[in-house]
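Visitor: predicted model and sequence follow; I will ask about them next.
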Amino acid sequence: MQVFQRAFGAEHSNALLDVWNFLARAQPHGFVAARQDGRLVGYAIFVESLSRIQTRAIRSGEVLKWLLHALTGRYKFKISAKLRTLRNKAKFLFSGQKFRTKGDAQLLNIAVEPSSQGEGIAKKLIIAGLSAMRAAGVPEIRLEVRPWNRSAIQVYEATGWREVGRTRDLEGEWIVMVANP
Ligand SMILES: CC(C)(COP(=O)(O)OP(=O)(O)OC[C@H]1O[C@@H](n2cnc3c(N)ncnc32)[C@H](O)[C@@H]1OP(=O)(O)O)[C@@H](O)C(=O)NCCC(=O)NCCS
């Protein structure tokens, strides 16, 4: 969470932490970590099948728990901001449907500690993650990246991802990229 906060300039998020903890339990081999002198300096989160993970989150009661946390104020979000995020996600999901991949594997998130960037860590994380996906029999994997995130796009292109189209949400455009593990 600290690497996420520093790399994205984002605030700590209990909601994200709950979702990641669930993902780490549900699919541990999708989590790839980079360490330097025992310190975590980067991570990547791969999901083999988004729909399977969603079904598991619903069936295990995890979604209900998140809802309860939201209602009891653990996530500290303003309702107006959340409604905007939901509207944003709906728009994004709808416009992203046209770029279908074989299966629904996804690279959900990747970040490297700012002081360790430019050392090839992201490249190694992606290569390791793609190899875990290959071992799990995933034929194709997708990600979305903002067009202005040049450093991320550079890393993706260097590790075999190709652009297949563009989609939008309320904040602007996303590039959709796919790779074959
Ligand atoms: C994107 C990010 C993960 C890259 O991590 P990184 O460890 O610095 O990347 P690497 O060192 O593995 O770089 C791999 C390649 O991209 C190039 N690259 C990295 N950062 C670059 C930059 N700012 N500008 C141009 N090229 C860059 C490297 O030169 C390298 O190319 P090479 O192998 O030909 O030399 C990191 O910048 C980050 O955490 N950003 C904030 C979070 C984020 O945006 N995540 C992606 C969300 S989609």
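Guide: Right, received. Where do you want to start?
Visitor: phi, psi for the most centrally placed residue in the chain please.
Guide: Nearest to the mean C-alpha position of the chain, by C-alpha atoms, centre = their mean, lies L108 at 1.7 Å. Here is the backbone geometry of L108 (degrees, to the nearest 10): phi -80, psi -40.
Visitor: how about it, what does it touch?
Guide: 23, 45-47 (C-beta atoms under 8 Å, 6 or more residues apart in numbering). Where you see a C-beta, it was placed from the backbone N, CA and C, and this is true even at glycine.
Visitor: how far away is it from I141?
Guide: Computed as C-beta to C-beta, to the nearest Å, the L108 to I141 distance reads 11 Å.
Visitor: could you do G42 as well?
Guide: 19 Å.
Visitor: so those two - more neighbours on which side?
Guide: I141 (25 against 22; other C-beta atoms under 10 Å).
Visitor: the nearest residue to the more buried one once chain neighbours are set aside: neighbouring residues, count only.
Guide: In this structure, I141 finds its nearest non-sequential neighbour in A105, 4.2 Å apart by C-beta to C-beta, 6 or more residues apart in numbering. When counting by other C-beta under 10 Å, one arrives at 24 neighbours for A105.
Visitor: right, and A105 touches F46 too?
Guide: Yes - when contacts are counted by C-beta atoms under 8 Å, A105 is listed as touching F46 (7.1 Å).
Visitor: intersection of neighbour lists for those two?
Guide: 133, 141.
Visitor: how about low-confidence regions in the chain?
Guide: Within the chain, the stretches with pLDDT under 70 are 77-97.
Visitor: can you give me the helices in it?
Guide: Per DSSP state H, the chain carries helices over the ranges 2-8, 14-26, 50-59, 62-71, 79-96, 121-135, 150-158.
Visitor: could you look over the ones you listed and pick the most buried one?
Guide: Comparing these by mean neighbour count (mean count of other C-beta atoms under 10 Å), helix 121-135 ranks first with a mean of 19.
Visitor: contacting residues around it?
Guide: 29-30, 32, 34, 41-44, 46, 48, 105, 107, 110, 112, 141, 152, 155-156, 158-160, 179, 181.
Visitor: so which bits of the chain are right by the ligand?
Guide: 7-8, 110-112, 117-123, 145, 149-152, 154-155, 158 (C-beta under 6 Å from any ligand atom).
Visitor: quick one, what contacts L17?
Guide: M1.
Visitor: surely G160 and N180 touch.
Guide: Yes - with contact defined as C-beta under 8 Å, G160 reaches N180; the gap is 7.5 Å.
Visitor: roughly how far apart are A179 and the ligand?
Guide: Going from A179 to the ligand by C-beta to the nearest ligand atom, to the nearest Å gives 13 Å.
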